[in-house]
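> Just the structure for this:
(one chain, ligands or ions: 3)
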Amino acid sequence: MEVRVRAPGKIILAGEHAVVHGSTAVAASVGLYTYVSLRFPTPSDNDDSLNLQLKDMALEFSWPVDRIKEALPEFGSSLSPTPTSCSIKSMKSIAALVEEQNIPEAKVELAAGVSAFLWLYSCIQGFKPVTVVVNSELPLGSGLGSSAAFCVALSAALLAFSDSVSLDMSQQGWSVFGESELELVNKWAFEGEKIIHGKPSGLDNTVSTYGNIIKFKSGALTRLKSNMTLKMLITNTKVGRNTKALVAGVSERTLRHPDAMSLVFNAVDSISKELSAIIQSPAPDDLSITEKEEKMEELMEMNQGLLQCMGVSHASIETVLRTTLKYKLASKLTGAGGGGCVLTLLPTLLSETVVNKVIAELESCGFQCLTAAIGGKGVEVCFGGSS
Ligand SMILES: Nc1ncnc2c1ncn2[C@@H]1O[C@H](COP(=O)(O)OP(=O)(O)O)[C@@H](O)[C@H]1O
Ligand SMILES: C[C@@](O)(CCOP(=O)(O)O)CC(=O)O
Ligand SMILES: [Mg+2]
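Ligands and ions are numbered 1, 2, ... in the order given. The predicted model follows:
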């Protein structure tokens, strides 16, 4: 029995960080995926372990199922039908299980992802021997939501063979989940994100689950019907950073300056609302495409200024902003900042020559540019492994 799942990453057009504090955000799925395949051994395999293979990292982890039972005795006998948060006690046991695997020092950041995996596995599948293989097109820790795509793909793959969902396994190729399954996947993925991020807003897992372009506030999403083609250049500064630390930094600043930060978050809320109204406004209305793009560029610049106020910009991000501005293009960081990726709006009438020049200049600084489809489907599942 095998299932394969893919979950997309995301870009945040407006509202990162502020969304953790209750402001509106606008985000879209990006056509780069994390893939998870899950296979139960047959009796002839004689395999009584839980195996996790992180293909891109060339890392393999394995625990005898009895070792997991011993470390997490509270699981297995009664599987949790509804998503639950990892307690401090369970987190300690999971940390011990992860520590036993001696993750190389240079890849220690992966411990958070492995912990989220152990939590989701124990809650959803109990102590069944299983092999889970992960590979990802998303750069890790770069603001494109690799942590959420990982949690969504894992939750979906683990749920696919659980009693909580019933799926049509005869379908060929990639297929989407039903609404109630999506809701469950999203809730479990949020619990995984909590382990990786500390205090996630739920925006990233929601975009990865449902796809599209969405407006999101305090856990509630609205799917946006875009009436314009959005083309974004994504520049990866390749400066590594950690979302958990950046989110915690913004919360500390908020505690030190509650009044000022509340105004900053309110301003971001207005920017996101205005941006979503522009995206949705009817095609041939009183604003031409160029006027809409100019407004969006201004809003992106304003949002970037406010992200600087929150303390999450970085010298590498400022270099991207300066470089794109030379070509009269507007940019903002996307995701948690502190390095990672920057978005640049590519207006419809911008010539290929200029796009190529900007990319060449950014890449000469050591950055990596990519363009990817945005607003596509969310998590998808495939039985049989042919896709
Ligand atoms: N494919 C993966 N395999 C293992 N862990 C992953 C994977 N993708 C993401 N993670 C976990 O998520 C972390 C990165 O998440 P985060 O700091 O939120 O950045 P982002 O979500 O922007 O990529 C990694 O350090 C790792 O712990
Ligand atoms: C900073 C934040 O708004 C987005 C984080 O995205 P990423 O993990 O950097 O891809 C946090 C959140 O919404 O949970
Ligand atoms: Mg993340």
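> Could you measure from the closest residue to ligand 1 within the chain over to Val36?
Ranking the residues of the chain by distance to ligand 1 (CB to the nearest ligand atom) places Gly113 first, at 2.4 Å. Where C-beta positions appear, they are placed from N, C-alpha and C, glycine not excepted. Counting by CB to CB, to the nearest Å, the gap from Gly113 to Val36 is 12 Å.
> What helix or strand is the nearest residue to Thr371 once chain neighbours are set aside located in?
Excluding the flanking residues, the one nearest Thr371 by CB to CB, 6 or more residues apart in numbering is Leu233, at 5.9 Å. Using DSSP states H and E, Leu233 sits within strand 232-236.
> same thing with Pro8?
Residue-wise, Pro8 maps onto strand 2-14 under DSSP H and E.
> what's the angle from the helix or strand that that strand is followed by to strand 2-14?
With elements assigned by DSSP H and E, the helix or strand that comes after strand 2-14 is strand 25-39. Counting by axes from the mean of the first three to the mean of the last three CA atoms, to 10 degrees, strand 25-39 lies at 170 degrees to strand 2-14.
> List the residues that contact the residue of the chain closest to ligand 1.
Each residue near Gly113 by CB atoms under 8 Å, 6 or more residues apart in numbering is listed here: Ser147, Phe150, Ile196.
> Let me know the average pLDDT across whatever helix or strand it lives in.
Using DSSP H and E, Gly113 maps to helix 110-125. Here helix 110-125 scores 96 as its mean pLDDT.
> Quick check: next helix or strand after the least confident helix or strand in the chain by mean pLDDT?
Within the chain, no helix or strand scores below strand 175-176, which has a mean of 91 by mean pLDDT, DSSP states H and E. Downstream of strand 175-176, the first helix or strand assigned by DSSP H and E is helix 179-197.
> Any buried residues in that next one, and which?
181-182, 184-197 (16 or more other CB atoms under 10 Å).
> What residues does the residue in the stretch 201-350 of the chain positioned nearest to ligand 3 make contact with?
In the stretch 201-350 of the chain, the residue that lies nearest ligand 3 is Thr243 (4.5 Å; CB to the ion). Taking CB under 8 Å, 6+ apart, we find Thr243 in contact with Gly141, Ser147, Ile196, His197, Gly335, Ala336.
> and if we set it to 10 Å?
The contact partners of Thr243, taken as CB atoms under 10 Å, 6 or more residues apart in numbering, are 16-17, 112, 141, 143, 145-148, 193, 196-200, 204, 335-338, 340.
> Which PyMOL command selects the buried ones in those?
Selection of the buried residues among the contacts of Thr243 in PyMOL, burial being defined by 16+ other CB under 10 Å:
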select buried, resi 16+17+112+141+143+145+146+147+148+193+196+197+200+204+335+336+337+338+340
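> all helices of the stretch 201-350 of the chain, in order?
Along the stretch 201-350 of the chain, counting by DSSP state H, counting those that start in this stretch, helices occupy 203-210, 243-256, 258-280, 289-310, 315-326.
> most tightly surrounded among those?
Neighbour counts (mean count of other CB atoms under 10 Å) averaged over each of the helices of the stretch 201-350 of the chain peak at helix 203-210, with a mean of 30.
> and that one, anywhere near ligand 2?
Yes - interface with ligand 2: helix 203-210 contributes Leu203, Asp204 (CB under 6 Å from any ligand atom).
> what packs against that helix?
strand 2-14, strand 25-39, helix 146-160, helix 179-197, strand 213-217, strand 220-224 (3 or more CB pairs under 10 Å, 6 or more residues apart in numbering; DSSP states H and E).
> so can I have a markdown table of these showing mean pLDDT and distance to ligand 1?
Shown next, in a markdown table, are the helices and strands packed on helix 203-210 (pLDDT from 0 to 100; distance: least, CB to the nearest ligand atom, whole Å):
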| stretch | mean pLDDT | distance to ligand 1 |
| --- | --- | --- |
| strand 2-14 | 97 | 8 |
| strand 25-39 | 97 | 5 |
| helix 146-160 | 97 | 3 |
| helix 179-197 | 96 | 5 |
| strand 213-217 | 98 | 16 |
| strand 220-224 | 96 | 18 |
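> Make TSV from those and add distance to ligand 2 to it.
Converted to TSV, the helices and strands packed on helix 203-210 look like this (distance: least, CB to the nearest ligand atom, whole Å):
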stretch	distance to ligand 2
strand 2-14	6
strand 25-39	7
helix 146-160	5
helix 179-197	6
strand 213-217	9
strand 220-224	13
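> and of those, who's closest to Val250?
Closest approach to Val250 among those is made by helix 179-197 (12.2 Å; CB to CB).
> Run the chain-centre distance for the closest one.
In terms of CA atoms, centre = their mean, to the nearest Å, the centre of helix 179-197 is found 11 Å from the chain centre.
> Please tell me I have it right and Ile94 contacts Glu74.
No - using CB atoms under 10 Å, Ile94 and Glu74 do not qualify as a contacting pair, with a distance of 11.8 Å.
> More neighbours: the two, which one.
Neighbour count, other CB atoms under 10 Å: between Ile94 and Glu74, Ile94 has more, with 23 against 11.
> any idea of the angle the helix or strand encompassing the more buried one forms with helix 179-197?
Assigned by DSSP H and E, Ile94 falls within helix 88-99. With the same axes, to 10 degrees applied, the angle from helix 88-99 to helix 179-197 works out at 70 degrees.
> contact partners of helix 88-99?
Contacts for helix 88-99 (CB under 10 Å, 6+ apart): 50, 61, 63, 67-68, 70-75, 84-87, 110-119, 122-123, 195.
> Check the contact lists of Ile94 and Glu74 and give me the overlap.
With CB under 10 Å, 6+ apart, Ile94 and Glu74 have common neighbours Ser122.
> Show me what from the stretch 51-200 of the chain comes close to ligand 1.
Within the stretch 51-200 of the chain, the positions near ligand 1 by CB under 6 Å from any ligand atom are 54, 109-110, 112-113, 134, 136, 140-147, 150, 196-197.
> Closest residue of this structure to ligand 3?
For the chain, CB to the ion, closest residue to ligand 3: Ser147, 3.3 Å.
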